[in-house]
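Asks: Would you be able to build a 3D model of this:
(one chain, ligands or ions: 1)
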Amino acid sequence: MYRFGILFLMLSLSCGEHKPETKMEVKKNKKIVIAHRGASGYLPEHTLPAKAMAYAMGADYLEQDIVLSKDDVPIVIHDIHLETVTDVAKKFPEKKRIDGRFYVIDFTFEELKQLNVSERFDPATNKAVFSKRFPAFTSTFKLHSLQEEIELIQGLNKSTGKEIGIYPEIKEPAFHQKEGKDISKIVLEVLSDYGYKTKNDHCILQCFDAKELKRIRNEFKSKLFLVQLMEFEIDEKIEEIANYADGIGPWYSQIIKGKDKDGKWQIFGLVEKAHKYNLKVHTYTFRADQLGDFESFEALLEVALYEADVDGIFTDFPDMAVDFINKRD
Ligand code: CA
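Replies: Numbers count the residues shown, from 1 in each chain. You can find the predicted model right below:
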């Protein structure tokens, strides 16, 4: 006991000594790792185990894509459809719409809980989308609500003493509107109930729909950190985005142009322009098993994070990104 006591004292002292004030500053500008759908490179996307794994891997934020159920429960799932990640076609064949698809919004939360979740697959062939990842249709995984996921993350924050953030995305607000539902109103209420109200609350809210994000800022008067997701080259709108958002979320091919004739990676001006307008840049999606023209995952991370100077990345492999940044920063 005595020896452990001394050791503990020494550790506390040495930690104290090595905590110069500048470290806080460095940390403030540290590149952030957002676990894209959890540690989805290793476990079926958006399941609670994938979130717990991402948490343990040291991600700074865990992402939640949100779609409403028939009874207005915010469900953490990537698509408004169910058949690419669940056994819905087997369990509720009668609920198929005439377009041949199964919609989250046609199911109550209780019905959704009856489904088993799998690694993403192509329903036409039943083949996994990513062949080297967790095997499809094995073990038991379930869908869950935004509330359940927040409770997992806040619970882990309590038991580990860390402050890992959430990064929810409002999915397809126009579709929800057409179905008679106001998804943003419901999500903002849940976030507020769990203490996510301002930019200091470790919550970043993202949406592709610019009209909806403006509505969140102007109509709902949200004080949260807002990120405008971007699918295509729209950097001429940066000055407009800066009026209502705090950051942008472009695809990395909107940032990295390609190699020049000498083999050097060329960078578009988007990040520089965003930074000029005080917008953070969190770019997607970094996959170690989908590298495009990059020779390695590390090479891709190096170009995006340190040549293009993005502030954060969405990745299916948070452990690799965390390791890379810790070694590099
Ligand atoms: Ca997303």
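Asks: Please, which helix or strand holds whatever residue of the stretch 151-300 of the chain ends up closest to the ion?
Replies: Using C-beta to the ion, the closest approach of the stretch 151-300 of the chain to the ion is made by E169 at 4.2 Å. Bear in mind the C-beta positions are built from the backbone N, C-alpha and C, glycine included. With secondary structure defined by DSSP states H and E, E169 is part of strand 165-170.
Asks: need the next SSE after that strand, C-terminal direction.
Replies: Next element after strand 165-170 (DSSP H and E): helix 173-178.
Asks: Now do the next helix or strand after that next one and strand 165-170, the angle between them.
Replies: Going down the chain from helix 173-178, the next helix or strand is helix 183-193, by DSSP H and E. With axes from the mean of the first three to the mean of the last three C-alpha atoms, to 10 degrees as the basis, helix 183-193 and strand 165-170 are set at 160 degrees to each other.
Asks: I186: how many residues sit nearby?
Replies: For I186, the neighbour count with other C-beta atoms under 10 Å is 18.
Asks: how near is it to A89?
Replies: Applying C-beta to C-beta, to the nearest Å, the value for I186 to A89 is 27 Å.
Asks: Next: L300.
Replies: For L300 relative to A89 (C-beta to C-beta), the value is 36 Å.
Asks: Also C203?
Replies: C203 is 35 Å from A89, by C-beta to C-beta.
Asks: Compare these two (neighbour count), which wins?
Replies: Just comparing C203 and A89: by other C-beta under 10 Å the higher neighbour count belongs to C203, 20 against 15.
Asks: ok, what's across the strand from the more buried one?
Replies: Applying DSSP bridges to C203 yields these beta-bridge partners: I166.
Asks: For the stretch 101-250 of the chain, what lies in contact range of the ion?
Replies: E169 (C-beta under 5 Å from the ion).
Asks: still on that earlier bit, wait, the residue of the stretch 151-300 of the chain closest to the ion touches C207, no?
Replies: Yes - counting by C-beta atoms under 8 Å, E169 touches C207, with 6.4 Å between them.
Asks: Between these two, which is the more surrounded one?
Replies: C207 (27 against 21).
Asks: Distance of that one relative to S40?
Replies: Counting by C-beta to C-beta, the gap from C207 to S40 is 20 Å.
Asks: ok, now R120?
Replies: Taking C-beta to C-beta, one finds R120 at 8 Å from S40.
Asks: likewise D72?
Replies: With distances taken as C-beta to C-beta, D72 is found 26 Å from S40.
Asks: Of the two, give the one with the bigger neighbour count.
Replies: More crowded of D72 and S40, by other C-beta under 10 Å: S40, with 29 against 14.
Asks: Give me the pLDDT for the more buried one.
Replies: If you check S40, the pLDDT there is 98.
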